[in-house]
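K.L.:
Pasting a predicted model and its sequence here:
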Amino acid sequence: MTDERINRILLADDEPLYLQTTAELLRRAGFECLTAVDAEGALSQLSTRQIDLMIVDLNMPGNLDLELLKIGRRDYPDVPMIVVTGAPSLHSAIDSVKLRISDYLLKPVKFEDLVASVRHSLSHDRTTKDPALANNPTLLLGESPQIREIHDLIRRVAMTDVSVLITGESGTGKELAAQSLHRSSRRHQARFATIDCTAIPESLFESVLFGHTKGSFTGATNDQPGLLKEADGGTIFLDEIGELPLSLQAKLLRVIQHSTFTPVGQTRPMTIDVRFIAATNRDLEEEVRRERFRRDLFYRLAVVPISLPPLRDRGGDVMLLANHFLRQLSLGNQPNYSEFSLEAAQSLQTYSWPGNVRELRNVVERAVVLSSGRVIEQSDLPSGLAQADSAGTPFELGEGASARGRVLSQADRSYIEELLRVSGGNVSRAAATAGLTRQGLYKLLQKHGLPPARFRTQ
């Protein structure tokens, strides 16, 4: 999509040459880059600027014991963080995983690898922690039939301990669904631990997950409980499970099957009481057929499958979510934005949203930044929004559609009727006038039950 706000990166490193050259290269790669030479400077930038991602050196003033990372995760939980270090240690790697660090890179880092990590972290399927959703028992907003079915399934499954596999396109809210299950379960007061299967180095998988004892291997300077033990009594969320290497799938399977594991350096197994929820945007059944994912692990995880629908199939949820994001993002801004114009709402409803809910939120955020009035206009939206997918399936209004949604639908119908009257029922001419394809206009005609022949002139 064009005209989106440039992602702003905070690069924190006390090596002047590395800081200067990397910042310049990031800018050339299309990012806005701010810099800091210590933790104090980084925290000052975080408190005054909107930061989309941080790249942090471990061995710099104010972060020798991960202080900056810990404060950043506590006070700015929605900001992805990438660690770059020239002095890696097992302790810092394990703690970084616990802090949900997006990536752990070793200097010298190839710049193309750093950019790839940045882009992956920015687009990763960790849903933004939305404060306005904190008191929503299901977390997944929506009134479409598909989302209502998922709400019902979550309610029925939550109080059990069966494993759940959540699938869906990137940006559909898989982690929110997992959190909904946890919050509605008997384990809601215990920990919800996210394990990003793309972020744990294969060589550290057992230490991070199972823990280790002092002296069990080089670098093990003290006893370290693993994530499984720390989540005992709670829920383990295995994010991006489809990316887990085959060699690690067998070790994970044993834990799920027997609820036991043996910390590195010990001989006596430990028992845990956790519930496993996994998520992926891959087709795991296809991965099983291609022998890239273990069949037995798939069946263990997918006791109850939950498939999240793409936003394009959720009908009136588009405007419900857009208005929710508008209220949330306009808080503290002047003026406070109250609504979308009819034209803007029509564009939001007819776009196909390949990036799903995450993309919708980004578009609304951009509009709030650019709008100069209390109403979000068509001109405040990215220019490609109305053009990029004019042939996309129009969104139906579900049973939960608001009065405003019904007004928009009626305005949509009236506009199409006027187009056909002016064109004498010529669909090609009407489509060209509206900036639609013939296919796109035909779908709108079907939606509103408008036969072109009714408007043809002799």
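P.N.:
Great, that's in hand. Numbering: from 1, shown residues only.
K.L.:
so what's D113 closest to, chain neighbours aside?
P.N.:
Nearest non-adjacent residue to D113, counting by CB to CB, 6 or more residues apart in numbering: L105, 7.0 Å away. Where C-beta positions appear, they are placed from N, C-alpha and C, glycine not excepted.
K.L.:
Let me know whether the one you found touches G86 as I believe.
P.N.:
No: using CB atoms under 8 Å, L105 is not in contact with G86; the gap is 10.2 Å.
K.L.:
These two - which one has more neighbours?
P.N.:
Each of L105 and G86 has its neighbours counted (other CB atoms under 10 Å); L105 has more, 16 against 13.
K.L.:
roughly how far apart are that one and L46?
P.N.:
Here the criterion is CB to CB, to the nearest Å. By it, L105 lies 21 Å from L46.
K.L.:
Likewise for G211?
P.N.:
Look at G211 and L46: by CB to CB, they are 31 Å apart.
K.L.:
Those two: which has the busier surroundings?
P.N.:
G211 (24 against 21).
K.L.:
My guess is I101 contacts I200. True?
P.N.:
No: applying CB under 8 Å as the test, I101 and I200 come out as separate, 10.3 Å apart.
K.L.:
worst-scoring helix or strand of the chain, pLDDT-wise?
P.N.:
Within the chain, no helix or strand scores below helix 403-423, which has a mean of 58 by mean pLDDT, DSSP states H and E.
K.L.:
confidence score at D283?
P.N.:
Note on D283: pLDDT of 92.
K.L.:
again, but for R191
P.N.:
Confidence at R191, expressed as pLDDT, is 88.
K.L.:
From T194, how far out is the closest residue in space to it that isn't next to it in sequence?
P.N.:
Spatial nearest neighbour of R191, excluding adjacent residues (CB to CB, 6+ apart): G234 at 3.9 Å. Applying CB to CB, the value for G234 to T194 is 11 Å.
K.L.:
what helix or strand is L122 on?
P.N.:
helix 111-123 (DSSP states H and E).
K.L.:
so how far is the very next helix or strand once past that helix from its chain's centroid?
P.N.:
Sequence order places helix 145-158 as the next helix or strand after helix 111-123, per DSSP H and E. On the basis of CA atoms, centre = their mean, to the nearest Å, helix 145-158 sits 20 Å off its chain's mean C-alpha point.
K.L.:
and if you look at stretch 373-390?
P.N.:
Counting by CA atoms, centre = their mean, stretch 373-390 is centred 23 Å from the centre of its parent chain.
K.L.:
If you average the pLDDT over it, what comes out?
P.N.:
Averaged across stretch 373-390, pLDDT comes to 73.
K.L.:
Can you say which helix or strand has S180 in it?
P.N.:
Using DSSP H and E, S180 sits within helix 174-183.
K.L.:
downstream neighbour of that helix in the secondary structure list?
P.N.:
strand 192-196.
K.L.:
relative to helix 174-183, how tilted is that following strand?
P.N.:
150 degrees (axes from the mean of the first three to the mean of the last three CA atoms, to 10 degrees).
K.L.:
got the contact list for strand 192-196?
P.N.:
97, 100, 102, 126, 175, 178-179, 182, 209, 227, 230-231, 234-240 (CB atoms under 8 Å, 6 or more residues apart in numbering).
K.L.:
Please list only the buried members of the residues you listed.
P.N.:
97, 100, 102, 126, 175, 178-179, 182, 209, 227, 231, 234-240 (16 or more other CB atoms under 10 Å).
K.L.:
coming back round to it: doesn't the residue nearest to D113 lie inside a strand?
P.N.:
Yes: counting by DSSP: H, G, I helix; E, B strand; the rest coil, L105 falls inside a strand.
K.L.:
show me the contacts for it.
P.N.:
Here L105 is in contact with 82-85, 113-114, 117 (criterion: CB under 8 Å, 6+ apart).
K.L.:
And for E240?
P.N.:
By CB under 8 Å, 6+ apart, the contact set of E240 is 125, 196-198, 279-281.
K.L.:
Please save the CA atoms from stretch 268-282 in CSV.
P.N.:
Presented in CSV, the C-alpha positions along stretch 268-282 are these (Å, rounded to 0.1, in the frame of the first residue of the first chain):
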residue,chain,number,x,y,z
ARG,A,268,15.3,-36.5,37.3
PRO,A,269,12.3,-35.3,35.3
MET,A,270,10.0,-32.5,36.4
THR,A,271,6.3,-32.5,36.1
ILE,A,272,4.4,-29.5,34.9
ASP,A,273,0.7,-28.5,34.6
VAL,A,274,0.3,-26.2,31.6
ARG,A,275,-2.1,-25.8,28.8
PHE,A,276,-0.7,-25.6,25.2
ILE,A,277,-2.0,-23.2,22.6
ALA,A,278,-0.2,-23.0,19.3
ALA,A,279,-0.6,-20.6,16.3
THR,A,280,0.6,-20.5,12.7
ASN,A,281,-0.2,-18.9,9.4
ARG,A,282,1.0,-22.0,7.6
